[in-house]
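Chemist: Here you go, sequence then predicted model.
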Amino acid sequence: MTSTDQERWQRVKERLRSELGDDVFTSWFARMELEAVDKGVVRLSVPTRFLRNWIQSHYSDRVLSHWQAEEPIITRLELSVRSAAIRPPAVKPKLVESPASAREVADPAQNGAETRASVPFMTVHEALGGSPLDPRLTFETFIVGRSNTLAHAAARQVATSRHGEPLMFNPLYIHAGVGLGKTHLLQAITWAANGSDRKVLYLTAERFMYGFVSALRTQTTLAFKEAVRAIDVLMIDDLQFLQGRSTQAEFCHTLNALIDAGRQVVIASDRPPADLESLDDRVRSRLAGGLVVEIGSLGEELRLEILKSRIAAASIHHRGFEVPPSVLAFIAKSVTHNGRDLEGAVNRLLAHNKLTGQPVTLEMAEREMRDLIRPAEPKRVRIEDIQRVVARQYNVSRADLLSSRRTANVVRPRQMAMYLAKILTLRSLPEIGRRFGGRDHTTVLHAVRKIESLAGTDGAIAEEIESLKRQLQD
């Protein structure tokens, strides 16, 4: 490589900077290096696969045309990922032929669905650092029951939509406790979209944070933003783990940009949007503005169907593995916590059968499942439930409880509802105040102390409290 080649490369970079602007140039091209110019081929390198894939898909034609302006005999580019230890690329890089073929990888925004379809699903997923996908988590293996019918139907609708069709609901927000199928549905959407005309990306909140922080560290935040906001269907799992003010701000901007552009967003969390106290009010409001679906606890009938499905799958790989109906009925009735406990129960039966050679019996199942049989958890009470029950009990409206009215027939029910919110939920005093019309935490504290004092001296008040608690926990 000659000094003339380096001079040409500098002029190419200056043209790119002038055409694209400093921010875009810094994000994408600041760390691109010229490796060689040989027989009409320009060899360039970047430090990461992410940069290589994105530049190939969006800027190859521009780089090639600027090189041809400098040296007309240039016919193609080779873009590789360089190693800190070994500079020459170990894998033959993807070729970009002259302008005619370069148009095949031009900006998808300019060429529509035809170009979108040319970008392989897994290439997009890997290039943007998508979270790992479990091949078992598909719609075919998802067992539908009364508690998850709506969530399943909504996920199916998202998965089968085509590019350009109007979105029925956006965002789709699925919340449920641990092991009830949230991740299964999000990954099922991702697998179902494989080969479609849309680009789909599945990320855990942790992976989103990692990607954004890495972009900050390497000064490629604009590249990260452009990459994520070019996705047609973005799925974020375990949103409750999203931490950090700057990361949450970026998520907010990404959410707004995708929804405003008519792109689908699917979110999963262990609680409804209103209960994500660490998130900004604007984010919670935007999430609540879509379709919010809760997956309820698994009923006994659904647990039995899940067990049958898991055992049938295990029997394919382990011939002779059989579980009597009495054992299935015992586990479905006794192991009630979540689907992962059911999976663990099947694995224990399988291990016992294969390692000891003994058949599965009810006695063995009772012995092996002892630690999976947990005491029933108390019903999770929400502030909305408390407001509804208290309003009904005292013949006022929920709007009265949230209002600034200070008449006696409203003040006492409002104080009672605040008190119950404090003792029956894990919400903080400021959060309770916010959920009661934006009141200060000292107002909530006064209400709690007032009701506690009355309950200690007035038997009727104590009776009312117990009655309301029973209604909420039944």
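Modeler: Cool, got the structure.
Chemist: From now on I want contacts and neighbour counts done on CA atoms only, so please keep to that.
Modeler: Will do.
Chemist: Got the confidence number for residue 115?
Modeler: In this model, residue 115 is scored at 37, pLDDT.
Chemist: cool, and residue 380?
Modeler: Per-residue confidence at residue 380 stands at 74 (pLDDT).
Chemist: mind listing what it touches?
Modeler: With C-alpha atoms under 8 Å, 6 or more residues apart in numbering as the criterion, the residues that contact residue 380 are 425, 473.
Chemist: a strand runs through it, doesn't it?
Modeler: No: going by DSSP: H, G, I helix; E, B strand; the rest coil, the assignment for residue 380 is coil, not a strand.
Chemist: Residues in contact with stretch 265-279: which ones?
Modeler: Contact with stretch 265-279 is made by 170-178, 182-183, 186, 233-240, 243, 248, 255, 258-259, 284-285, 287-288, 292, 294, 431, as judged by C-alpha under 8 Å, 6+ apart.
Chemist: Okay, now the sheet partners of the helix or strand hosting residue 36, with direction.
Modeler: Using DSSP states H and E, residue 36 sits in strand 33-38. According to DSSP bridges, the neighbouring strands of strand 33-38, each with its direction, are strand 41-46 (antiparallel).
Chemist: could you point out which element follows the partner strand?
Modeler: helix 49-58.
Chemist: then that next one to PDB, C-alphas only?
Modeler: In PDB, the C-alpha atoms belonging to helix 49-58 read as follows (Å, rounded to 0.1, in the frame of the first residue of the first chain):
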ATOM      1  CA  ARG A  49     -18.800  -7.400  13.200                       C
ATOM      2  CA  PHE A  50     -21.700  -5.000  14.000                       C
ATOM      3  CA  LEU A  51     -20.000  -2.100  12.200                       C
ATOM      4  CA  ARG A  52     -19.100  -4.300   9.200                       C
ATOM      5  CA  ASN A  53     -22.600  -5.600   8.800                       C
ATOM      6  CA  TRP A  54     -24.300  -2.200   9.100                       C
ATOM      7  CA  ILE A  55     -21.800  -0.400   6.800                       C
ATOM      8  CA  GLN A  56     -22.200  -3.200   4.200                       C
ATOM      9  CA  SER A  57     -26.000  -2.800   4.300                       C
ATOM     10  CA  HIS A  58     -26.200   1.000   4.300                       C
END
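Chemist: follow-up on the earlier one: average pLDDT for the strand holding residue 36, rounded please.
Modeler: Confidence over strand 33-38 (mean pLDDT, whole number) is 87.
Chemist: Quick check: buried residues in that strand?
Modeler: 33-37 (16 or more other C-alpha atoms under 10 Å).
Chemist: Pick the one among those closest to residue 343.
Modeler: residue 33 (50.6 Å; C-alpha to C-alpha).
Chemist: May I ask you to confirm that the closest one is in contact with residue 45?
Modeler: Yes: distance between residue 33 and residue 45: 5.3 Å, which falls inside the contact criterion (C-alpha atoms under 8 Å).
Chemist: ok, which stretches of the stretch 151-300 of the chain are helices?
Modeler: For the stretch 151-300 of the chain, the helices defined by DSSP state H, counting those that start in this stretch cover 182-192, 205-217, 221-229, 245-260, 281-288, 300-317.
Chemist: List the buried residues of the third one.
Modeler: It refers to helix 221-229. Of the residues in helix 221-229, 221-225, 228-229 count as buried by neighbour count, 16+ other C-alpha under 10 Å.
Chemist: This protein: strands as residue ranges?
Modeler: With DSSP state E as the criterion, the chain has strands at 33-38, 41-46, 76-81, 95-97, 172-175, 200-204, 233-237, 264-269, 291-294.
Chemist: Residue 144: which of these is closest?
Modeler: Each of those was checked against residue 144 via C-alpha to C-alpha, and the shortest separation belongs to strand 291-294, namely 13.8 Å.
Chemist: what mean pLDDT would you report for the closest one?
Modeler: Averaging pLDDT along strand 291-294 gives 91.
Chemist: got the buried residues for it?
Modeler: Applying a neighbour-count criterion of 16+ other C-alpha under 10 Å, one finds 291-294 buried in strand 291-294.
Chemist: Let's see it as CSV, backbone CA atoms only.
Modeler: Listed in CSV are the C-alpha atoms of strand 291-294, where the atom choice follows Å, rounded to 0.1, in the frame of the first residue of the first chain:
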residue,chain,number,x,y,z
LEU,A,291,-52.6,-3.3,24.6
VAL,A,292,-51.7,-4.4,28.2
VAL,A,293,-52.3,-8.1,28.7
GLU,A,294,-51.8,-10.1,31.9
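Chemist: Identify the residues contacting the closest residue to residue 362 other than its chain neighbours.
Modeler: The spatial neighbour of residue 362 that comes closest, neighbours along the chain excluded (C-alpha to C-alpha, 6 or more residues apart in numbering), is residue 327 at 5.2 Å. The contact partners of residue 327, taken as C-alpha under 8 Å, 6+ apart, are 361-362, 365.
Chemist: quick revisit: how big is the angle separating the strand holding residue 36 from strand 76-81?
Modeler: Taking axes from the mean of the first three to the mean of the last three C-alpha atoms, to 10 degrees, one finds strand 33-38 and strand 76-81 inclined to each other by 140 degrees.
Chemist: how far does strand 33-38 sit from the chain's center?
Modeler: For strand 33-38, the separation from the chain centroid amounts to 41 Å (computed by C-alpha atoms, centre = their mean, to the nearest Å).
Chemist: which residues touch that strand?
Modeler: Contacting residues not belonging to strand 33-38 are listed as 1, 5-6, 9, 42-46 [C-alpha under 8 Å, 6+ apart].
Chemist: Can you dump the C-alpha atoms of it in CSV for me?
Modeler: Once non-C-alpha atoms are left out, strand 33-38 reads as follows in CSV (Å, rounded to 0.1, in the frame of the first residue of the first chain):
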residue,chain,number,x,y,z
GLU,A,33,-8.9,1.6,8.3
LEU,A,34,-7.4,1.0,4.8
GLU,A,35,-5.7,-2.4,4.6
ALA,A,36,-4.7,-2.6,0.9
VAL,A,37,-5.5,-1.5,-2.6
ASP,A,38,-4.8,-4.3,-5.1
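Chemist: Weed out the non-buried ones from the contacts of residue 327.
Modeler: Using 16+ other C-alpha under 10 Å as the threshold, 362, 365 are the buried ones among the contacts of residue 327.
Chemist: Among the contacts of residue 327, which one lies nearest to residue 335?
Modeler: Of these, the one sitting nearest to residue 335 (C-alpha to C-alpha) turns out to be residue 365, at 11.2 Å.
Chemist: which residue sits closest to that closest one, ignoring its sequence neighbours?
Modeler: residue 327 (6.7 Å).
Chemist: For residue 334, see how far away that neighbour is.
Modeler: According to C-alpha to C-alpha, to the nearest Å, residue 327 and residue 334 sit 10 Å apart.
Chemist: what's the answer for residue 201, then?
Modeler: In this structure, residue 201 and residue 334 are 38 Å apart, going by C-alpha to C-alpha.
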